[in-house]
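*Asks:* here's my sequence, what's the structure:
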Amino acid sequence: MTMHELVTASFLVLRLCSHLQLAYNLKEKRYNMAHVAGLLASAVVSAVGNKLGSAIGDEVMMLCSFKDDLKDMKDTLEYMEAALKDAERRSVTEELVRLWLNRLKHAAYDISYMLDEFQANSEPASRKMIGKLDCFAIALKITMAYKMKKMRGQLRKIKDDHESFKFTHDNSSLISVHQFPDRRETTSDVIESLIIGRDKDRMNVLSLLATSSNKEDTTILPICGLGGIGKTTLAQLVFNDGQFKDYNHRVWVYVSQVFDLKKIGNSIISQVEKGSQNLDTRQLINQHLKHLLQDKKTLIVLDDLWETDNFQLDQLKLMLNVSSKMRVLVTTRSIDIARKICTVEAYMLDPLDNDMCWRIIKQNSGFESRADKEKVEPVGQMIARKCGGLPLAAQALGFLLSGMDLTDWEAMCNTDIWDEPFSDSTVLPSLKLSYNTLTPYLRLCFAYCGIFRKGHSISKDDLIQQWIALGFIEPSNNFSAIQLGEKYVRQFLGMSFLQHTQLPEIFAKTILTMHDLVHDLARSVIAEELVVFDAEIGSDARRKEYCHYVSLTNCNISDYIKARKMSTIFPPKLRAIHFTDCEFHGGAFSFPKCLRVLDLSGCPITEFPSALGQLKQLEVLIAPRLQDRELQKHTLAVINQLKRWEYAFSMKA
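*Replies:* Numbering: from 1, shown residues only. Here you go, the predicted structure:
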């Protein structure tokens, strides 16, 4: 073989290896994204099922004889919905299940769009004359009948495929939780020399336990914070502190998402009284705990409490209320749970700073043994910022970076860490556990937050109105949509999925933001449904058939859309568009007809989008910079249908 042939062969081998590595990386990325991307299906199906239920009683729907079709689709969705817990669990490892979930989700979306379009086109004329069908109404009925027939056939095919997977229904999947060991189970063991950045927190918690003694009741102090922030580690440090060496008993109980009051009580008893038998009733458990622990100095840690039911938490407090000498430390992600269980105000655990995260990465990546430390360090410090102050994220990244060269570190610096493979015990699955506890409508609301930029300040009122417009608020006979939206925000704040932003008092609005890794989770859940469009990069949402939301950023696209209206740039099923740092004239606008939310707050346009009058489904318009004084004249019809609008000037005449 000649030198030229050898070089050529070597080049081809290297190129092949490069392609194989790229294919592997893409496969890993798709696999890890699928861990969460498939978890929106049940939320969509549940919401659309409720929407079908409401449509069944609609006067126009009944007039058009669509009741049976709607009920058939609703029954089919409900039948499959019962197996979605098992389907979502299996979608993590089974690609065929994942594809089936996507088909079901897209079909549910199509039903929702079909209902919205019919409602928009049947108003107001048809509803003013219930009982009379003009030519337009007849044509609308024929079109709707055809679409319903097509959708029913599509659902039947999906249902047939559902049968082949042999999914278990809810009851079976709940039983399976008890059948398999929990790999997240914790113990009191800790290597204190490896813990970074929590000395001050340990001293604070010890001080609270020492100074908050009640004369008669047990002291219960919760440690609260985001998943992966280090609650369990802090509890381990406190548990093993020398301050409790003279205590009669120290007990560690891992509670988990499966709350079992008897199991907790028997676990405490078995650690205090060696060789004891499990007691069958709560009455016996409570009596025996009082017998064992009354007037005894006892420290109990209840790690990872998820239970939200008030009665169960009251019973837990009652069981623990044995002696004023007892101290109970509880770790939980929810501030609401913390408030219900505590006798002392919860200790809110703050994120670590970037320097601490970098120390953890160095510790777990073998940094000190590297020969190229000086080159790697600035890159590593940039990577540390990705952790958002979560030590579990820093630890996971450290292990991932171990053995990588400088080029790999630089690549990691420019990569979303959600794209990287991690074990099931790292921060990413840890945050996913919190997501799994959300109700279907809360899942939809949370996923939608991915449309905002990372670190973006979000107006609470605007966010709630957008949720309402998109149908993400569960219908209720007792509370208004606004009240439920406020409740949703409180729930997200309680689990640290949303956070308050500190602003000067001159701002009357409540402004929210998201932790960076929580934002990454939202982006991963919303997955293909969101496109972040950047004209400079050349992103194109047309490739996203099922794109429902677009964030348009850093664009000056007046020239770009001269030849093509925006409705040809974006797919037809868009429900929300956000503009940030964009400049172009309103006259160039042309939007998909099913748009419901239009946020122009980052777009200093000088004339009103004339095409807005064609959007029959638009409910939310945010345009604080709009300067068109002819707004009332041209858009009264549009404004009357909007549920929320915000302009730079008063709409009063």
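*Asks:* which neighbouring elements make contact with the host helix or strand of F399?
*Replies:* Using DSSP states H and E, F399 falls within helix 391-401. With contacts taken as 3 or more Cβ pairs under 8 Å, 6 or more residues apart in numbering; DSSP states H and E, helix 391-401 sits against helix 354-365, helix 373-384, helix 406-413, helix 427-436. In short, each C-beta sits where N, CA and C put it, glycine included.
*Asks:* can you lay out these as CSV showing mean pLDDT and mean neighbour count?
*Replies:* Written out in CSV, the entries for the helices and strands packed on helix 391-401 read as follows (pLDDT from 0 to 100; neighbours: other Cβ atoms under 10 Å):
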stretch, mean pLDDT, mean neighbour count
helix 354-365, 94, 21
helix 373-384, 94, 17
helix 406-413, 88, 15
helix 427-436, 76, 21
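*Asks:* out of these, which gets nearest to T219?
*Replies:* Counting by Cβ to Cβ, T219 lies closest to helix 427-436 out of the helices and strands packed on helix 391-401; the figure is 27.0 Å.
*Asks:* residues in contact with the helix or strand following that closest one?
*Replies:* Helices and strands here follow DSSP H and E; after helix 427-436, the next one along the chain is helix 440-448. With contact meaning Cβ atoms under 8 Å, 6 or more residues apart in numbering, helix 440-448 is reached by 39-40, 42-47, 435, 438, 466-467, 470, 472-474, 488, 491-492, 497, 522, 525-526, 529, 549, 576.
*Asks:* among those residues, which lie within helices?
*Replies:* Cross-referencing the contacts of helix 440-448 against helices under DSSP state H gives 42-47, 435, 466-467, 488, 491-492, 522, 525-526.
*Asks:* closest to Q617 among the residues you listed?
*Replies:* Nearest to Q617 among those, with distances taken as Cβ to Cβ, is Q466, at 13.5 Å.
*Asks:* grab the nearest non-local neighbour of that closest one.
*Replies:* Of all residues not flanking Q466 in the chain, V597 sits nearest, at 4.9 Å (Cβ to Cβ, 6 or more residues apart in numbering).
*Asks:* roughly how far apart are the one you found and I464?
*Replies:* In this view, V597 and I464 are 12 Å apart by Cβ to Cβ, to the nearest Å.
*Asks:* tell me which of these two has more neighbours.
*Replies:* V597 (26 against 22; other Cβ atoms under 10 Å).
*Asks:* what strands flank the helix or strand hosting V328, and is each parallel or antiparallel?
*Replies:* Following DSSP H and E, one finds V328 within strand 326-332. Partner strands and pairing direction for strand 326-332 (DSSP bridges) are strand 219-224 (parallel), strand 298-305 (parallel).
*Asks:* what helix or strand is R250 on?
*Replies:* Short version, using DSSP H and E: R250 is in strand 249-256.
*Asks:* pairing partners for that strand, with directions?
*Replies:* Here, using DSSP bridges, strand 249-256 pairs with strand 298-305 (parallel).
*Asks:* what's the strand it pairs with in contact with?
*Replies:* 184, 186, 188, 222, 231-232, 235, 238-239, 244, 247-257, 259, 264, 268, 272, 320, 322-323, 325-332, 337, 341.
*Asks:* now a ChimeraX select for only the buried ones of those residues.
*Replies:* Buried subset of those, written as a ChimeraX selection, criterion 16 or more other Cβ atoms under 10 Å:
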select :184,186,188,222,231,232,235,238,239,244,249,250,251,252,253,254,255,256,259,264,268,272,320,322,323,325,326,327,328,329,330,331,332,337,341
